[in-house]
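Peer 1: predicted model follows, preceded by the sequence.
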Amino acid sequence: MLSQLTNNPLFGLILSIGMFLVAKLIAKKLKHPVFNPLIVAMILVIIFLKVTHISYEHYYQGGQILNMLIAPATVALAIPLYKSFHLLQHHARSIMVGIMVGTFFSTFLTGILAIVFRLDHSLTASLMPKSVTTAIAIDIADKMKGVPTVTLIVVIVTGIIGAIISPTILKICRIEEPVAKGIAIGSSAHAIGTTKAMELGEVEGAMSGLAIGVTGLVTVFVAPLMMRFIMHLFG
Amino acid sequence: MKLFREFLWIISFTYLGELISHGFHLPIPGSVIGMVLLFLALYFNLLKVKHVDTVGQFLLDNLSIFFLPAGVGIMVYFPVIKDTWWLLLLITLIVTAFTIGLVGFTVQQVKRRFEGDLSEHVMKKETKMIREEKTRVVSVD
């Protein structure tokens, strides 16, 4: 009986949207980056499915409708990139150098730490693209034979960590330029970090938003290269 | 039909990107190719922002909910990270902290050395420009 009710795409869709709205309400009440709506909604849906013994397959029939929109949403990133392109041109040198350095450094350090902690190939590949926006990151991980679901979780956690620690780190490192702050946050903590950058100021917010798309593009090329380099060194 | 027309543009670019990625066996994700193609189309005025703006903004504003079904998939994949989740968390913390510091430092140095400090005037103009285009920043809510 229950199986008939849940073996319907609308079930997964209703559960997803409903739980997400509940999660947004919780996030609004408890204004702390740890209560990221996506994480809270994930926990709520998982608890619901576990308690009612409904399978992930049944849930995903509706879930895949939302999942299908990830790719078009990634393509839509071209719109803010186009709109803030004049900012990119204005600070082209510092932005590009900063993002290149950051991408090489973060993928390299990730790879080294993965080796130190003896993580296997697929987990390392899942971790590599974690600084970029979710949609691009899971595609990169997929191409590198990682586990996209693990990447998804790691990317969200990265964003949350970045949003929490970035003001302190920037203060310790004496970063005062708004452009530098924005690029630093956007290129290491993508869209979730950007919400923090927007709190710091308008220039910071715009720069952070711009860094999401650029870092994503750069990482597409750097992550597989770095993976091969790390494997060559230690593999 | 305006919204459908906008949606059609966006999914067509997405589809084209995926065809190119698969067709030429490129290591670049189809969605990224689609993004670059859409950017080029806007930049060279083949397509106007207003032709994709409403639906594009809708997709970007609601980006996080699209990841929910995939995220719930962790209940299937949990065994994969059962023993290592705290390591993943530790690596993420270390890498993120150092990357923020390094990128901030690099951008600040290059900007001060080569691009100079923006004069008060330019700064004001720029801030105003950004204010007018506030919606430009992608937000994940």
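Peer 2: Now that the structure is in, tell me what you want to look at.
Peer 1: ok, A:H86 to chain B distance?
Peer 2: 8 Å (CB to the nearest CB, to the nearest Å). For glycine as for every other residue, the C-beta is placed from the backbone atoms N, C-alpha and C.
Peer 1: please, which helix or strand holds B:L42?
Peer 2: helix B:30-43 (DSSP states H and E).
Peer 1: mind checking the pLDDT average for that helix?
Peer 2: For helix B:30-43, mean pLDDT is 92.
Peer 1: what lies in contact with it?
Peer 2: With contact meaning CB atoms under 8 Å, 6 or more residues apart in numbering or on different chains, helix B:30-43 is reached by A:70-71, A:74-79, A:81-82, A:85, A:135-136, A:139, A:213, A:216-217, A:220, B:10, B:13-22, B:26, B:46-49, B:52.
Peer 1: pull the CA coordinates from the following helix or strand past that helix and hand them back as CSV.
Peer 2: Counting by DSSP H and E, the next helix or strand C-terminal to helix B:30-43 is helix B:53-61. Extracted as CSV, the C-alpha positions of helix B:53-61 are listed here (Å, rounded to 0.1, in the frame of the first residue of the first chain):
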residue,chain,number,x,y,z
ASP,B,53,17.6,36.6,-17.5
THR,B,54,14.4,35.6,-15.7
VAL,B,55,14.8,31.8,-16.0
GLY,B,56,18.6,32.1,-15.5
GLN,B,57,18.1,34.0,-12.3
PHE,B,58,15.4,31.6,-11.1
LEU,B,59,17.8,28.7,-11.7
LEU,B,60,20.7,30.4,-9.9
ASP,B,61,18.6,31.6,-7.0
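Peer 1: would helix B:53-61 count as contacting chain A?
Peer 2: Yes. Contact of helix B:53-61 with chain A (CB under 8 Å from any CB of the partner chain) involves B:53, B:55-57, B:59-60.
Peer 1: for chain B, what's the nearest residue on chain A?
Peer 2: Ranked by CB to the nearest CB, the top residue of chain A for proximity to chain B is A:G63, at 2.7 Å.
Peer 1: where do the helices sit along chain B?
Peer 2: B:2-23, B:30-43, B:53-61, B:63-66, B:68-72, B:74-81, B:85-110, B:120-132 (DSSP state H).
Peer 1: quick one: which of those helices has the weakest pLDDT on average?
Peer 2: Looking at these, the bottom one is helix B:120-132 with a mean of 56.
Peer 1: ok, and the closest non-adjacent residue to residue 7?
Peer 2: No chain in the question, so chain A it is. Closest residue to A:N7 apart from its sequence neighbours, by CB to CB, 6 or more residues apart in numbering or on different chains: A:H58 at 5.6 Å.
Peer 1: try again with chain B
Peer 2: Going by CB to CB, 6+ apart, B:F7 has B:V55 as its nearest residue, at 4.9 Å.
Peer 1: go on, B:P29?
Peer 2: The nearest residue in space to B:P29 (CB to CB, 6+ apart) is A:D139, at 3.2 Å.
Peer 1: how many neighbours does that neighbour have?
Peer 2: 25 (other CB atoms under 10 Å in any protein chain shown).
Peer 1: then A:S16?
Peer 2: Residues lying near A:S16 (other CB under 10 Å) number 23.
Peer 1: how far does the helix or strand bottoming out on mean pLDDT in chain A sit from the chain's center?
Peer 2: In chain A, no helix or strand scores lower on mean pLDDT, DSSP states H and E than helix A:2-6, which sits at a mean of 75. Centroid separation for helix A:2-6 versus its chain: 33 Å, with CA atoms, centre = their mean, to the nearest Å.
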